[in-house]
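# would you be able to build a 3D model of this:
(one chain, ligands or ions: 2)
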Amino acid sequence: MFLSVDVGNTQTTLGLIGPSGDVCQCWRAQTDKRATSDEILMILTNFLAGRGYSLESVDAVAVASVVPSLQHAWNACLARLRKPHLMVGTLKEPPIPIRMPYPTQVGADRIANAMEALACYGAPVIVVDFGTATNIDVVAPDGAFVGGVIAPGIMLSAEALFQRASKLSSTPIEVPPHTIGSTSEEALQSGIVVGAAAMAEGLVARIQEELGAPGCPVIATGGLARTVDAVCTCFTQLDPQLTLRGIHRIWRHYRGEQG
Ligand SMILES: CC(C)(CO)[C@@H](O)C(=O)NCCC(=O)O
Ligand SMILES: [K+]
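Residues are numbered from 1 along each chain as shown. Ligands and ions are numbered 1, 2, ... in the order given. Purely as a prediction, here's the structure:
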């Protein structure tokens, strides 16, 4: 079994991937930006044990982290596991061509998204990832990752609004019955969920125009993709495991050179 780890700013997702390349088990943990390697190791051990696996069943591990403060703890944890491993964010050579002025700025999760989307759906392709940020990752017709969009995430912007507007309180992130909300809660759900869908539709249309690829595939991923997909017209595919599979694919890409 292979273990893919996506260390996001809010949550860390872990996926156990079998020989077929499919994610067969998936866990979510809060990302603790001050976690130690002992704590990370304990979480790994407990998660696996909870579903009848153990560290012995893991042959290799790859980690894509967008949280620099955890780089050291994860490196220490990987060293203690004594298994073949890879840190996606510290690669010298990117696994796909990156046509941007500062390729080392790009988040490891975005590289994994672009890599996996290209492999599964071909070029050009657009990924919309609803996480802490809502980011859009664009692969051009020639297969190069050319950039995209980074916007405030759904939860993040909703929480900021609840905090600053005294009369508004937290509401479940669900699709409202109408776009014209008739209660405060429905109006908020419209702004948050339908708003995210409309933003995705508008940005994707502009990106497709810039790419000269009006009908290209558009993949939705990330924790809130399913909710937005219910009211969004621009996605051709919902693929919640895209990032975890991409991390595995990057591993396979480098395996030859690693020996
Ligand atoms: C955009 C996020 C926060 C999405 O997780 C992450 O990929 C990140 O911190 N990226 C660095 C900036 C960039 O990708 O251009
Ligand atoms: K995540």
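
# just to check, Thr132 is in contact with Thr10?
Yes. Using C-beta atoms under 8 Å, Thr132 makes contact with Thr10 at a distance of 4.7 Å. For glycine as for every other residue, the C-beta is placed from the backbone atoms N, C-alpha and C.

# which neighbours do these two share?
Both Thr132 and Thr10 are in contact with Met155, where contact means C-beta atoms under 8 Å, 6 or more residues apart in numbering.

# so the two - more neighbours on which side?
Using other C-beta atoms under 10 Å, the more surrounded residue of Thr132 and Thr10 is Thr132, with 20 against 15.

# how about that one, what does it touch?
Thr132 neighbours (C-beta under 8 Å, 6+ apart): 8-10, 153, 155-156.

# figure out the helix or strand that Leu16 lives in.
strand 11-17 (DSSP states H and E).

# which of the contacts of Thr132 are buried?
8-9, 153, 155-156 (16 or more other C-beta atoms under 10 Å).

# from the residues you listed, which ones fall inside helices?
Of the buried ones among the contacts of Thr132, the ones assigned to helices by DSSP state H are 155-156.

# from the buried ones among the contacts of Thr132, which are also near ligand 1?
Residues of the buried ones among the contacts of Thr132 in contact with ligand 1 (C-beta under 6 Å from any ligand atom): 8-9.

# in JSON lines: the buried ones among the contacts of Thr132, plus distance to Gly50 and pLDDT.
JSON lines is the format used below for the buried ones among the contacts of Thr132 (distance: C-beta to C-beta, whole Å; pLDDT from 0 to 100):
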{"residue": "Gly8", "distance to Gly50": "21", "pLDDT": "98"}
{"residue": "Asn9", "distance to Gly50": "25", "pLDDT": "97"}
{"residue": "Gly153", "distance to Gly50": "28", "pLDDT": "97"}
{"residue": "Met155", "distance to Gly50": "26", "pLDDT": "96"}
{"residue": "Leu156", "distance to Gly50": "29", "pLDDT": "96"}
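
# nearest to Gln25, of the buried ones among the contacts of Thr132?
When the buried ones among the contacts of Thr132 are compared for distance to Gln25 (C-beta to C-beta), Gly8 wins out at 18.2 Å.

# quick one, what contacts that closest one?
With contact set as C-beta under 8 Å, 6+ apart, Gly8 has these partners: 31, 66-67, 109, 131-132.
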